[in-house]
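**Student:** Here is my input; please provide its structure:
(one chain, ligands or ions: 5)
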Amino acid sequence: MATPPPSGEFGRISRYFKPLAAGFAGARGLRDDAAVFGLPEGQELVVTTDAMVAGVHFFPDDRPEDIAAKLLRCNLSDLAAMGAEPLAYTLATALPRDLPEAWLGAFVRGLAGDQERFGIGLAGGDSVSTSGPITLSVTAFGLVPAGRALPRWGGQPGDRVFVTGTIGDAALGLEIAYGRLDMPDAAARDHLLRRLRRPDPRTGLGPRLIGLATGALDVSDGLVADLGHLCEESGCAALLYGDAVPLSEAAVGAIDGDAARLALAITGGDDYELLFCAPSSATETLASLAADSGVSITQIGELVPGRAGTVTVLDAAGAPLPLARRGWDHF
Ligand SMILES: Nc1ncnc2c1ncn2[C@@H]1O[C@H](COP(=O)(O)OP(=O)(O)O)[C@@H](O)[C@H]1O
Ligand SMILES: Cc1ncc(C[n+]2csc(CCOP(=O)(O)OP(=O)(O)O)c2C)c(N)n1
Ligand SMILES: [Mg+2]
Ligand SMILES: [Mg+2]
Ligand SMILES: [Mg+2]
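**Tutor:** Ligands and ions are numbered 1, 2, ... in the order given. Modelled structure (predicted):
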């Protein structure tokens, strides 16, 4: 019997998506109506969804490989924020009919690279056409020891506030992409743009925060806004030391002492770093965890009693720093 050449919706699924699902048995080869998989004893399933829309989360002419990486990594960052190990993901694509086939090939290559890198497999998905912009959604599944998922609401006054990696690179990268920030230093410019397009989800660190962090989330909307979310759920307030926020060398160069750019760095979002609180007794263990993992962990503030969700940003002199906004809000 002759095999028909791959074309149309099902040809695309066979050609592009089946290879991505080959390593995950629960995907049933993308031949069934749904995926089926069991969980190891003593583990719970962590489920998160994040969607991305051209023009909102990325530029329509960004490289499809980068769009794929960002899509997966945003979701992996949420798994890390829960303390979960990546397991599998589903993918929904809404693509314009006239999108070149090569776009899909490159997008799938981006997914394949990150599947390998982060140890995650495709479990299934859906393919539809749209008359609007490219719209993509991933649901990621992760595993966490039963009852140990990191909540946003465990913080208490007296806890210290920590963040991984560096903050503000992506927001400054977005300024460059929009042509609002000129960076003559090519290496610094590339670093900021890379952090915007291919964030570094802290999948190695997240699970190791179980037993240390009392509350955790990842920074997507902006450091100040997301600290506000942590505080809201924990029923307390926070002080954020502006001059303690870890900045990359490239970000320091881009900010160049400008208060508005520093404000952008701590409110611009797209960081995909972990923000968490822990009692002071955890400080030494966190330092060795950082040394071990090669990802920095910096104390940037503390939780204090006060109206739930209030974040006061202090400058180097300890004076409150006024901010026009705390972070990204879709509406
Ligand atoms: N359309 C929706 N339907 C159901 N739950 C949603 C929806 N949008 C957001 N949520 C839930 O609201 C919470 C906050 O969402 P969000 O700010 O997007 O979290 P994150 O920044 O970690 O992705 C999450 O628990 C998320 O699952
Ligand atoms: C073209 C473009 N414009 C603006 C942004 C900035 N931006 C868009 S959405 C967003 C917040 C994070 O996205 P969201 O959908 O809120 O993710 P979640 O908080 O659910 O993880 C940011 C900072 C961008 N990344 N690309
Ligand atoms: Mg979300
Ligand atoms: Mg999150
Ligand atoms: Mg958001």
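**Student:** which parts of the stretch 201-331 of the chain sit against ligand 4?
**Tutor:** residue 218 (Cβ under 5 Å from the ion). Every residue, glycine included, has its C-beta placed from N, CA and C.
**Student:** Residue of the stretch 201-331 of the chain nearest ligand 1, please.
**Tutor:** Nearest residue of the stretch 201-331 of the chain to ligand 1 (Cβ to the nearest ligand atom) works out as residue 220 at 4.4 Å.
**Student:** burial count for that residue?
**Tutor:** Other residues lying near residue 220 total 22 when counted by other Cβ atoms under 10 Å.
**Student:** I'd assumed residue 163 was in a strand, is it?
**Tutor:** Yes. Under DSSP: H, G, I helix; E, B strand; the rest coil, residue 163 falls within a strand.
**Student:** Please shift the residue numbers so they start at 32 in all later answers.
**Tutor:** Taking 32 as the first residue, the last one we looked at is residue 194.
**Student:** the helices in the protein, which residues?
**Tutor:** Using DSSP state H, the helices found in the chain span residues 39-43, 49-52, 95-112, 132-149, 200-208, 217-228, 254-265, 280-286, 290-298, 314-324.
**Student:** Hmm, residue 194 is touching residue 321, no?
**Tutor:** No. If you go by Cβ atoms under 8 Å, residue 194 and residue 321 don't touch, sitting 11.2 Å apart.
**Student:** which residues are common contacts for the two?
**Tutor:** Taking Cβ atoms under 8 Å, 6 or more residues apart in numbering as the criterion, residue 194 and residue 321 both touch residue 328.
**Student:** Neighbour count for those two, which is higher?
**Tutor:** residue 194 (25 against 16).
**Student:** Let me see the contact set for residue 233.
**Tutor:** Contacts of residue 233 (Cβ under 8 Å, 6+ apart): 108, 111, 195-196, 249, 303-305, 326.
**Student:** Quick check: the gap between it and residue 74.
**Tutor:** Per Cβ to Cβ, to the nearest Å, residue 233 is found 20 Å from residue 74.
**Student:** One more: residue 201?
**Tutor:** Taking Cβ to Cβ, one finds residue 201 at 32 Å from residue 74.
**Student:** more neighbours, these two?
**Tutor:** Taking neighbours as other Cβ under 10 Å, residue 201 and residue 74 compare with residue 201 leading, 29 against 16.
**Student:** burial measure for the nearest residue to the more buried one once chain neighbours are set aside, as a count.
**Tutor:** Spatial nearest neighbour of residue 201, excluding adjacent residues (Cβ to Cβ, 6 or more residues apart in numbering): residue 301 at 3.6 Å. Per other Cβ under 10 Å, the neighbour tally for residue 301 reads 22.
**Student:** likewise residue 128?
**Tutor:** 7.
**Student:** got the residues of the stretch 32-181 of the chain near ligand 5?
**Tutor:** So the stretch 32-181 of the chain never meets ligand 5 (Cβ under 5 Å from the ion).
**Student:** Quick one: low-confidence residue ranges for the stretch 32-181 of the chain.
**Tutor:** 32-37 (pLDDT under 70).
**Student:** Please enumerate the strands of it.
**Tutor:** 74-84, 116-127, 152-161, 166-176 (DSSP state E, counting those that start in this stretch).
**Student:** Show me which residues of the longest one are buried.
**Tutor:** Judged by neighbour count using 16 or more other Cβ atoms under 10 Å, the buried positions of strand 116-127 are 116-126.
**Student:** Ok, the first one next?
**Tutor:** Going by neighbour count (16+ other Cβ under 10 Å), the buried part of strand 74-84 is 74, 77, 79, 81-83.
**Student:** that older thread, can you tell me which of the buried residues of strand 116-127 lies closest to residue 63?
**Tutor:** residue 121 (13.2 Å; Cβ to Cβ).
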